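Engineer: I'd like to go over a predicted model; first the sequence, then the structure.
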Amino acid sequence: MRGVKSFFAVFFIFVFMVGNAYAAYAGAPTDQVKQTIDKVLDILKNKELKRPEKTKERRTAIRKIVSERFDFEEMAKRSLGLHWRKRTPEERKEFVPLFADLIERSYIKKIEAYTDEKILYPVERV
């Protein structure tokens with residue numbers, strides 16, 4: 001379970017830093033990450049949403065929280081690097097939600113595997 005804790009913390013810190021590197025100051029980065037993680041944990045701890053028939057609703061709620069914090073357009077742009085400039089506006093518009101879906105599908109099961117482990121935050125260096 002140590003791996004799940006480490007993954008959870010590192011994932012959100014990484015995505016937060018990449019997605020919001022240019023954003024206006026909104027408090028300490030660690031505090032911002034903690035707020036987002038706490039909201040996701042509230043969903044994961046919700047007994048009603050834990051039921052198998054609520055999977056879609058639970059994942060939609062998690063995605064909404066994550067989407068409020070992370071700039072998937074900027075992340076998609078950076079993931080393509082120089083190739084982003086070669087894409088048409090239509091291709092870019094199509095790519096961003098596909099990229100966000102890929103991120104979600106890649107990590108949602110690991111996030112949902114969280115089972116009350118304590119999340120430790122390393123010392124912040126900006």
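Structural biologist: Right, received. Where do you want to start? Every value quoted in this text rests on a predicted model; they were computed, and no experiment measured them.
Engineer: gap between the helix or strand I62 falls within and the chain center?
Structural biologist: Per DSSP states H and E: I62 is located in helix 55-69. Offset of helix 55-69 from its chain centre (C-alpha atoms, centre = their mean, to the nearest Å): 9 Å.
Engineer: what about this structure, any weak spots by pLDDT?
Structural biologist: 1-27, 126 (pLDDT under 70).
Engineer: Show me which residues of the helix holding I62 are buried.
Structural biologist: 58-59, 61-62, 65-66, 69 (16 or more other C-beta atoms under 10 Å). Every residue, glycine included, has its C-beta placed from N, CA and C.
Engineer: Over to stretch 86-97?
Structural biologist: Buried residues in stretch 86-97, counting neighbours by 16+ other C-beta under 10 Å, are found at 95-96.
Engineer: contact partners of that stretch?
Structural biologist: 72-73, 76-77, 80, 84 (C-beta atoms under 8 Å, 6 or more residues apart in numbering).
Engineer: Ok, stretch 48-65 next?
Structural biologist: Outside of stretch 48-65, the residues within contact range by C-beta under 8 Å, 6+ apart are 36, 39-40, 43-44, 46, 100, 104, 108, 111-112.
Engineer: What helix or strand is R78 located in?
Structural biologist: Using DSSP H and E, the element containing R78 is helix 72-80.
Engineer: got the angle for that helix vs helix 55-69?
Structural biologist: Compare the direction of helix 72-80 with that of helix 55-69 by axes from the mean of the first three to the mean of the last three C-alpha atoms, to 10 degrees and you get 80 degrees.
Engineer: With respect to Y121, which of the contacts of stretch 86-97 is nearest?
Structural biologist: F72 (23.5 Å; C-beta to C-beta).
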